[in-house]
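Q: need a 3D model of the sequence below.
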Amino acid sequence: MADEGSPAERRPWADLPRDLAENMRPHLDEVADDMIQEIQARVREYDRPGDGSYSGTLRTAVERVLHYFVDRVADPDHEPNSVSDFFRAIGRGEAGEGRSLDSMQTAMRVGGMVAWRRITEGAHHLNVAPRTLGAVGEALMMFQDELAVAAAEGYAQAKAAVAGEMQRRRKRLLDLLLADPPAAPEAIADLAAAAHWPVPRTIAAVALARRHADSRPQAFPQDILVDLGRRNPALIFPDPDGPGRARLVDRALTGMLAVVGPTVPLGDAARSIGWARKTLGLVERGVIEAPEAGVIRSVEHMSTLILFQDEDLITGLAELRLAPLAHLRASQQDRLAETLLAWLQSGRNANEVAMRLHVHPQTVRYRLRQLEELFGDQLMDPDLRFDLEIVLRARELLAEGPGEHMIPTGKAASGESGEVVTFRR
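A: As a prediction, the model looks like this:
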């Protein structure tokens, strides 16, 4: 809207004769009756015969608009804030009632039509000059525009306030669901109702990498609870196993490093986010490979999660079971550990080990003889072989993580416990 003092804003009002206002004032009640009757006839939303308070509000608005218009004809510098504030309040009220501005805008057009009809009828009797009548029409249209803009501003303000409050409720609901121990079901149900979030039977929690959550704004489906501003960004995805739901979450998380936890009942959301965060931690360390496209799902990496559930424990097991390799050079350790794991995984078949490692069978047999000398009877014990496969699998997963190893070094050759570089950097 142009500034109040600009020529485009002031010209039609300034061109009106001041005595025109005095000719209008005696007819304002009659014009108000005509406006209200026409509005109620044409706009169903405003036709409420049994609602006296609503009819009273409509009359107040119509009379206020008419008196303000005439006051401004009498004084072009008349302060516009009061009527603008009034229509901002109307716009906020429409938003608060969950209605659109369509009915109000239609009512304004109908009212303007009635006002113009009465003005032209009066102008004929008063012999008003065409130039003056044109200025009145321009002022009337400009006035309608001012009121429409004010109502739209109030409507937008109210909508933004409601959206902000709804977002705060949803973030609080996310906090309650991810809490450990979980919040009471009653508290969750009450807040879900206030946040307009239908309570699902099952959910999956999603952990997001901080750097990806900060990188760009995301638009998520309405039924997803999300908070990218948390210290550990997360979201909750309802009914994750429903038809088409997996594709939906994949699309929503495109371009982000995200891990989907297991599907759980609503009350177990903390367990789902726990799995997701542990998986995300292993992805960020390079233990689990991040795909180029799509999201990562914890349930596809359960064995790895089990291996790394207690890293101190598996490090201790590695110290114990891999001690025979401690005195070797790093390159020798790597070759023998790789051969031993392949041998355990292939049912102790040397030829299959050679195929797995792409080396000559004779080379494999030479390495196996070295392993027999180092480990002795341990390789014949099924329980010890199981332990060895566990720690060697963990070591293989850590192979891409710089600075992370699982073979003890130092004193093992003399029969003492060797120093172990643990999983943690």
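Q: what sits against Arg131?
A: Residues counted as contacts of Arg131 (Cβ atoms under 8 Å, 6 or more residues apart in numbering) are Asp15. C-beta coordinates here come from the backbone N, C-alpha and C atoms, glycine included.
Q: I'd like the next helix or strand past whichever strand or helix holds it.
A: Assigned by DSSP states H and E, Arg131 belongs to helix 130-178. As assigned by DSSP H and E, the chain's next helix or strand after helix 130-178 is helix 185-194.
Q: buried stuff in that following helix?
A: By neighbour count on 16 or more other Cβ atoms under 10 Å, the buried set for helix 185-194 is Ile188, Leu191, Ala192.
Q: please report how far the last one lies from Met166.
A: When distance is defined by Cβ to Cβ, to the nearest Å, Ala192 is 12 Å away from Met166.
Q: now do the second one
A: When Cβ to Cβ is applied, the distance between Leu191 and Met166 equals 11 Å.
Q: now the helix holding Arg131, how far from the centre of its chain.
A: Centroid displacement of helix 130-178 relative to its chain, using Cα atoms, centre = their mean, to the nearest Å, is 24 Å.
Q: domain ranges for the chain, per the record?
A: 7-162, 200-307, 311-414 (automatic domain parsing).
Q: which one of those lies closest to Pro181?
A: For Pro181, the closest of the domains of the chain is domain 200-307, at 7.7 Å, according to Cβ to Cβ.
Q: if I've got this straight, Val206 is in a strand?
A: Yes: judged by DSSP: H, G, I helix; E, B strand; the rest coil, Val206 forms part of a strand.
Q: so who does it touch?
A: For Val206, the contacting residues are 234-237, 249, 253, 258-261, 273, 276, 295, by Cβ under 8 Å, 6+ apart.
Q: check Arg172 too.
A: Going by Cβ under 8 Å, 6+ apart, Arg172 touches Leu191, Ala195.
Q: Arg385 against Leu379, yeah?
A: Yes: under the criterion of Cβ atoms under 8 Å, Arg385 makes contact with Leu379 at 6.6 Å.
Q: what about the strands in the chain?
A: Using DSSP state E, the strands of the chain run over residues 202-208, 225-227, 234-238, 258-260, 264-265, 296-297.
Q: which helices and strands sit right next to the third one?
A: Looking back up the chat, that one is strand 234-238. On a contact count with 3 or more Cβ pairs under 8 Å, 6 or more residues apart in numbering; DSSP states H and E, strand 234-238 meets helix 130-178, strand 202-208, strand 225-227, helix 269-285.
Q: pick the most deeply packed of these.
A: Most buried of these by mean neighbour count (mean count of other Cβ atoms under 10 Å) is strand 202-208; its value is a mean of 26.
Q: and which of the buried residues of helix 185-194 is nearest to Pro181?
A: Nearest to Pro181 among the buried residues of helix 185-194: Ile188, at 12.5 Å, using Cβ to Cβ.
Q: so that closest one versus Arg230, what's the distance?
A: With the distance defined as Cβ to Cβ, Ile188 ends up 18 Å from Arg230.
Q: could you do Leu173 as well?
A: Distance from Leu173 to Arg230, by Cβ to Cβ: 13 Å.
Q: and for Leu178?
A: Taking Cβ to Cβ, one finds Leu178 at 9 Å from Arg230.
Q: what do you get for Ile296?
A: 19 Å.
Q: more neighbours, these two?
A: Each of Ile296 and Arg230 has its neighbours counted (other Cβ atoms under 10 Å); Ile296 has more, 22 against 16.
Q: pretty sure that one contacts Gly281?
A: No: proximity of Ile296 to Gly281 does not meet the contact threshold set by Cβ under 8 Å, at 11.6 Å.
Q: OK, contacts around the residue nearest to Leu28 when sequence neighbours are not counted?
A: Spatial nearest neighbour of Leu28, chain neighbours left out: Leu66 (5.0 Å); criterion: Cβ to Cβ, 6 or more residues apart in numbering. Applying Cβ under 8 Å, 6+ apart, we find Leu66 in contact with Leu28, Val31, Ala32, Met35, Ala115.
Q: ok, Leu266 - contacts?
A: Shown in contact with Leu266 (Cβ under 8 Å, 6+ apart): Leu177, Ile188, Val199, Pro200, Arg201, Thr202, Ile203.
Q: re the thing from before, most neighbours of all the contacts of Leu66, which one?
A: For the contacts of Leu66, the largest number of neighbours (other Cβ under 10 Å) sits with Met35, at 25 neighbours.
Q: how about the contacts made by it?
A: Val62, Leu66, Val110, Gly111, Val114, Ala115.
Q: which among those gets closest to Pro291?
A: Among the contacts of Met35, and counting by Cβ to Cβ, the member closest to Pro291 is Val110, at 59.7 Å.
Q: would you confirm that the closest one contacts Gln40?
A: No: taking contacts as Cβ under 8 Å, Val110 lies outside contact range of Gln40: 9.5 Å.
Q: quick one: the closest residue to Glu396 other than its chain neighbours from Ala350, how far?
A: Counting by Cβ to Cβ, 6+ apart, Leu341 is the residue found nearest to Glu396 once chain neighbours are left out, at 6.3 Å. Distance, Leu341 to Ala350, by Cβ to Cβ: 14 Å.
Q: check Pro221 too.
A: Applying Cβ to Cβ to Pro221 and Ala350 gives a distance of 55 Å.
Q: between the two, point out the one with more neighbours.
A: Of the pair Pro221 and Ala350, Ala350 is the one with more neighbours under other Cβ under 10 Å, namely 18 against 13.
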